[in-house]
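*Asks:* Give me coordinates for this.
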Amino acid sequence: MTEVSRITRSTKQLCEIIELVKQKQLKLVIGSFIVDGSGGILDLMTYGMLKMMGVFAEMERNMISQRVKSGVANARAKGKVIGRPTTSIDNLPSAFIKHYPKYVAKTINKTELARLCNVSRQSIHKYISIYQAGVERN
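*Replies:* You can find the predicted model right below:
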């Protein structure tokens, strides 16, 4: 590991990891920073530095999260559509439309249909329900 932020998401988790290092008498290497718990105790300076690094890592993560949320809210306010586009009968993959009659005729099963369409079985389930709902409406 090169950074404390790569190990943990919160200062609380970091404290738990430090306790585990002390209990198991391990050596934790974070880049050039070495935490030696082999004696069952940690140097107070090392412990303090680790906690400070954890606090700054958590603060950075929170700031990034806030900026992302702010950006998403700003984009939504401008009318942008956020997230994956919804799948409808009009934008089903052409490979699915091509091979679906084989599935209905029971010459292929869902797994083979998924392989032919180069998608997962879950996507095939979704496509089948969208297609059948669209056909029923017409």
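*Asks:* Show the backbone phi and psi for the closest residue to residue 126 other than its chain neighbours.
*Replies:* Of all residues not flanking residue 126 in the chain, residue 87 sits nearest, at 6.7 Å (C-beta to C-beta, 6 or more residues apart in numbering). In this view, the C-beta of every residue, glycine as well, is placed from N, C-alpha and C. The phi and psi torsions at residue 87 (degrees, to the nearest 10) take the values phi -90, psi 130.
*Asks:* So residue 87 is in contact with residue 127, correct?
*Replies:* Yes - between residue 87 and residue 127 there is a contact under C-beta atoms under 8 Å: 7.3 Å.
*Asks:* Tell me which of these two has more neighbours.
*Replies:* With neighbours defined as other C-beta atoms under 10 Å, residue 87 and residue 127 compare such that residue 127 has more, 22 against 13.
*Asks:* Show the pLDDT at that one.
*Replies:* If you check residue 127, the pLDDT there is 94.
*Asks:* still on that earlier bit, list the residues that contact the residue nearest to residue 126.
*Replies:* By C-beta atoms under 8 Å, 6 or more residues apart in numbering, the contact list for residue 87 reads 126, 127, 130.
*Asks:* And the first one, how far from residue 115?
*Replies:* Residue 126 sits 16 Å away from residue 115, going by C-beta to C-beta, to the nearest Å.
*Asks:* Next: the last one.
*Replies:* Taking C-beta to C-beta as the criterion, residue 130 is separated from residue 115 by 19 Å.
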